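Student: Here is the input, now give the coordinates:
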Amino acid sequence: MLELLRYVLPLYTIFVFGYIFIFRSHLISRKINTPTMVLPKDGSLECLLGRYFKFTHYGLLIFCLTFSLYPDIQFYLGLFNFLNKISLQIIGLISLFTSCSWMILAQVTMRNSWRMGVDKKKKTELITGGLFTISRNPFFLGLLIFFISIFL
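Tutor: Model (predicted):
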């Protein structure tokens with residue numbers, strides 16, 4: 001299972017971040033002729049949270065790539081022995097794929113309202129259908145499940 005995870009985690013993480021955050025965001029940005037990345041660059045709390053958000057994503061990507069090249073790194077980072085079970089790893093893989101589908105569906109449901117950050121200059125329509133009937137922000141719910149899945 002460790003060999004499978006060595007290859008699946010980094011490739012899937014690159015796919016998720018590349019497809020969702022770069023490719024799909026770029027397509028929407030071109031379609032609406034407005035940037036979808038609207039995180040502020042001032043000293044506000046929103047700016048700080050945006051930086052932590054980016055730092056977390058880059059850190060996760062670096063970890064997955066490092067784990068792929070040096071799987072023994074997990075022994076140096078400290079093991080959670082109670083998580084070292086095949087059943088939990090399978091649950092983690094299933095929830096990893098489910099969370100990616102969930103995030104893509106949430107992004108598709110948002111259509112042209114998709115933004116990373118709060119766009120204070122341009123108001124977008126409030127989306128209330130699809131996954132938004134289940135969660136107020138289904139994309140971040142999917143992202144949270146994605147991070148938990150990587151942990152498992």
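Student: Residue 103: what's it in contact with?
Tutor: By C-beta atoms under 8 Å, 6 or more residues apart in numbering, the contact set of residue 103 is 16, 20, 139, 142-143, 146. For every residue, glycine as well, the C-beta is placed using N, CA and C.
Student: just the residues you listed now: which is nearest residue 102?
Tutor: residue 142 (3.8 Å; C-beta to C-beta).
Student: ok, which stretches of this structure are strands?
Tutor: When assigned using DSSP state E, the chain turns out to have no strands.
Student: picking that back up, of all pairs in the contacts of residue 103, which one spans the longest distance?
Tutor: 16 and 139 (11.8 Å).
Student: And the least confident helix or strand in the chain by mean pLDDT, what does it pack against?
Tutor: Confidence across the helices and strands of the chain bottoms out at helix 73-77, with a mean of 73, counting by mean pLDDT, DSSP states H and E. Under the contact definition 3 or more C-beta pairs under 8 Å, 6 or more residues apart in numbering; DSSP states H and E, helix 73-77 sits against helix 45-69.
Student: contacting residues around stretch 3-23?
Tutor: 57, 60-61, 64-65, 67-68, 71, 89, 93, 96-97, 100, 103-104, 107, 116, 146, 150.
Student: Kindly recompute the last result at 6 Å.
Tutor: By C-beta atoms under 6 Å, 6 or more residues apart in numbering, the list of residues contacting stretch 3-23 from outside reads 61, 64-65, 68, 71, 100, 103.
Student: Cool, thanks, signing off.
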